[in-house]
Every structure is written in C-alpha cells, then in structure tokens.
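[1] just need the structure, nothing else, for what follows:
(2 chains)
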Amino acid sequence: MKDFGAAGVTAEAIPVANSSDVVSARQTVRNLSQRSGMSLVHQTKLVTAASELGRNMLIYGGGGVVRVAAVTDGGRSGIFVEFRDQGPGIGDIELAMTDGWTSGNGMGLGLSGAKRLVDEFDIETGPSGTTVRIVKWGR
Amino acid sequence: MTAEINTRLLVEILTARRDDFLAQWTRTIGDDLQGRLSLAELGHELGELYEAVLKAISIGGLDGRGEHFGEARSLLIELSRNRARQGFTPTETARSVFALKEVLEPSLAGEAASAQAYLQFARLLDDLGLLTTEAYVRTREEIISSQAEQLLELSTPVVKLWDGVVGVPLVGTLDSARTQVVMEKLLQTLVDTDSTHAIIDITGVPTVDTQVAQHLLKTVVAARMMGARCIISGIRPQIAQTIVALGIEFGDIPTNSSLADALRQALKEIALETEDDVKGLL
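    Down below sits the predicted model:
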C-alpha cells in the first residue's frame, strides 16, 4: 500500500497508553473525517475500525502511536490512519486475520472486521513491532 | 564541620529576626496572590511552617529529606492541598516557599560565611518547593478520579418505563467499568421492580465496536439468567451497517431502531403472557 505517512503534513499523532487514549484517538479520527465531509456511514465505519485497531495496539502491542491524516489521491480524498507499536508482533498473521480467532478474550473480529470496514488495509509485523495502515476514501 | 557552623548561623538569624522575616514573607506572597487569600490567614499558615522548618533545622540540620522534616513536610502537603482546592496554580504554591529565599537574601548573601549558609538553605527550600508541586499534582489526580467515579454513577440510570419494563439509556463510551455498573444496576432494578423486560437503548453510544458489543451481550446474558427478556434499541442505520461489516452477530437478541418500537414489542409480549397465565390457571 502507498505510504501516505510522508504526505501527511496535516497528520496528528496521538500516543496511546491507556483506554482513554483510544477514545481520544477515535475522537480525532471522527473530527477529521467530519471536516473532510465524509458521509455518516463512512465516518462510523472508519471510527469503528480505528477503535478496534487502537485497542488491539493497546492490549497486544502494549500501546503505541496513532497518526491520522487527511490525504488525497487522484482526485479522491480520504482519511489515512496509522497504528504503530513496539510490541512482540503477531506470530501467525493469517490466523490472526481469521474471523473468530483471538489470542485474548475478545470476539476475534477486531483485525478481520476492521479490514472489512475500510477501503485499504495494510499490516506489517515483526518481532520489533507491528504497524497497521488503513485508508477510507470519502464519497 | 562547616555544615554545622552554617546550620548554627542559620538557626541564630532565623530565630533572632523571626517576626521581621515572617512579616516580609507574608507580604511578598500577599502581593503575589493579589488578595485572593487574607493576610491574617496567610500569616498564620506561614508562621506554622516557619516554626516547623526552624525546629527541623535546629534538630537535624539542612537535609530536607530527613525524618526530622516530617512535620514541616506534612504542613507543606496540607498547604498545597488547600491551595489546589482553592484553584491556585502550582507555580503560585511553589512560589510561596521560594519567596522565603528573597526575604533572606539581603541579610545573608552579603558576607562570604553567611552566603554559603544561604546557598544551603536555598537548596533546602528548592526541595520543599518541589514537594508542594508533587502534592499539588497528587491532589489534582485525586479530584479527577473522584469526579470520574461520580460521572460513572451519574451517566448510568436505569428507569422504569412501564409496569414490568425497565429501560437503560446508555450514553457515551461503554468500557468495562461502566458495563459493570450498568449490569449491577440493571439486575438489581429487575428484581426491585419485578420486571420481565429490559430495554437497553444505545442511541447515545457513538461507536459500537467489538468491545462494546461484547459488553452488551454479557449484560443481556446476565439479565436472561434472571428470567428477563432484553431488547436492544437505538440502532441507527450507520451503526447497523458497521455491525454487519464487522461481523458481529447478536444472535436471537431482538433489536430495534427506536425505543418506542422496543417498548411496544415488550408490552405486546407482556400482554400475550398475561393471557396465557389466565388460561393456564383457570
């Protein structure tokens, strides 16, 4: 997936260290998507995906940084969100993306569900951390 | 040896010019706070503090972290707490301590021998000043966490909607702590009001993700175990689409878009049950 990180001059970075940070990261995503004129359904899907991935990052990655940016690509505009943690990484990525599978005590729908909620989804993981990037294109 | 000499020098001058220093100290802080605290009150506070510090120095020297400073420290923490509650900034509180340096400077910093004593005393005051900031932050945190707790209580009412029907209007973020409060209140109200139906309204919950869904499901299951039937209402179009895309299944839990529809459904069910009851008994 194209890295929108460099283009994200307008990016806001929110450090996530506890569950109330997840809420404020979510709030930032919501505000930015509202300002970019995204439809309510798209907004809600994006915010929910951000909530899932932000909480995953907190629970399994020990916290990290969420970066949010409004991006444009070939005439369409959207919201880019990146979740970067320095956790132990995901052992089996295919298994982790399976519906209903969880290593914790959640519903096992966070990663796979978040992927279905956005237009672009990219995950890089290794022993030094995990980075998830998502983009939701506006209408 | 020099430390002892310095200490003796300080104790002497602090004792000899007590009233003078104290008046000046009070005046300096009084100017700083611009009348938000009465001079009499301030003078009383500072007088106590002055005595405690003087006593501590004469007993055990200038080490502000030592045990002999216990009384002075607790006085400072008390002062800091009060200031935090009265809405003063931590800078203003710390300055109350640092101002004593300004007061002592003209009389001590002039000569080489007493200048050293002054510097040591200044270091002690730095320590004590930092202590007030620390206490200030702690007090603020206590205030914040108690407010968060109050908010938790405030934002989770369980109301009786009809005979046999209770409603739980949820507003805001649904985390584990709030779910716990909601569940406890709901189950207790079910018993107290002898209700058979509970309507959980999520119109005010902006984001329904897997965690929120999981909490909702647990609450419903708990209510079911007590024989109550739960309806989740307030599912808006965008929430419905998101839940479907996420892949969450509510199973056989009835859901509704509006609270009114949910109430109608509950009343219908109750009416049906009553009919059955009568037929069965007679």
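[2] so where is the stretch 151-282 of chain B shaky, pLDDT-wise?
    Applying pLDDT under 70 to the stretch 151-282 of chain B flags residues B:152-155, B:276-282.
[3] strands along that one, start to end?
    B:159-162, B:165-171, B:197-204, B:229-233 (DSSP state E, counting those that start in this stretch).
[4] just checking, what packs against the first one?
    Judged by 3 or more CB pairs under 8 Å, 6 or more residues apart in numbering or on different chains; DSSP states H and E, the packing partners of strand B:159-162 are strand B:165-171, helix B:259-281. C-betas here are computed from N, CA, C, even on glycine.
[5] minimum distance to chain A: which of these has it?
    Closest to chain A of the helices and strands packed on strand B:159-162 is strand B:165-171 (CB to the nearest CB; 13.8 Å).
[6] just to revisit the earlier point, any chance of the helices and strands packed on strand B:159-162 in TSV, with mean neighbour count and distance to A:T98 too?
    Below are the helices and strands packed on strand B:159-162 laid out as TSV (neighbours: other CB atoms under 10 Å in any protein chain shown; distance: least, CB to CB, whole Å):
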stretch	mean neighbour count	distance to A:T98
strand B:165-171	22	31
helix B:259-281	13	34
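[7] dump those to TSV, plus distance to A:Q27.
    Formatted as TSV, the helices and strands packed on strand B:159-162 follow (distance: least, CB to CB, whole Å):
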stretch	distance to A:Q27
strand B:165-171	15
helix B:259-281	26
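[8] and the stretch 101-250 of chain B, which of its residues are near chain A?
    B:173, B:175, B:206-211, B:213-214, B:237-239, B:241-242, B:245-248 (CB under 8 Å from any CB of the partner chain).
[9] scan the chain for its longest helix.
    Unless you meant another one, I'm taking chain A. Longest helix in chain A by number of residues, with DSSP state H as the criterion: helix A:40-61.
[10] my question was about chain B
    As assigned by DSSP H, the longest helix anywhere in chain B is helix B:112-154.
[11] follow-up on the earlier one: could you dump the strands of the stretch 151-282 of chain B to JSON lines with distance to B:R95?
    Output for the strands of the stretch 151-282 of chain B, formatted as JSON lines (distance: least, CB to CB, whole Å):
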{"stretch": "strand B:159-162", "distance to B:R95": "50"}
{"stretch": "strand B:165-171", "distance to B:R95": "42"}
{"stretch": "strand B:197-204", "distance to B:R95": "45"}
{"stretch": "strand B:229-233", "distance to B:R95": "55"}
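[12] mind checking which of those strands is nearest A:G78?
    Closest approach to A:G78 among the strands of the stretch 151-282 of chain B (CB to CB): strand B:197-204, 27.7 Å.
[13] now B:T193, nearest residue through space, not along the chain?
    Leaving out its chain neighbours, the residue that sits closest to B:T193 by CB to CB, 6 or more residues apart in numbering or on different chains is B:K160, at 5.3 Å.
[14] could you list every residue that touches the one you found?
    B:V166, B:G167, B:T189, B:T193, B:S195 (CB atoms under 8 Å, 6 or more residues apart in numbering or on different chains).
[15] ok, now with 10 Å
    Contacts for B:K160 (CB atoms under 10 Å, 6 or more residues apart in numbering or on different chains) come out as B:V166, B:G167, B:T189, B:D192, B:T193, B:S195.
[16] cool, and B:V221?
    By CB under 10 Å, 6+ apart, the neighbours of B:V221 are B:M183, B:C230, B:G251, B:I253.
[17] quick check, nearest of those residues to chain A?
    B:G251 (12.4 Å).
[18] pull the number of nearby residues for the closest one.
    By other CB atoms under 10 Å in any protein chain shown, the residues close to B:G251 number 8.
[19] buried subset of the residues of the stretch 101-250 of chain B next to chain A?
    B:173, B:175, B:206-211, B:213-214, B:238-239, B:241-242, B:245-248 (16 or more other CB atoms under 10 Å in any protein chain shown).
[20] now the residue most central in space within chain A: how far from B:L42?
    Geometric centre of chain A, nearest residue: A:A50, 4.4 Å, by CA atoms, centre = their mean. Relative to B:L42, A:A50 is positioned 51 Å away (CB to CB, to the nearest Å).
[21] ok, B:S96 next?
    For B:S96, the distance to B:L42 - CB to CB - is 9 Å.
[22] what residues are shared contacts of the two?
    Both B:S96 and B:L42 are in contact with B:W25, B:I29, B:L33, where contact means CB under 10 Å, 6+ apart.
[23] how is chain B divided into domains?
    Domain assignment for chain B, taken from automatic domain parsing, gives B:2-152, B:159-281.
[24] B:M226 and B:L190 touch, don't they?
    Yes: taking CB atoms under 10 Å as the definition, B:M226 is a contact partner of B:L190 at 5.8 Å.
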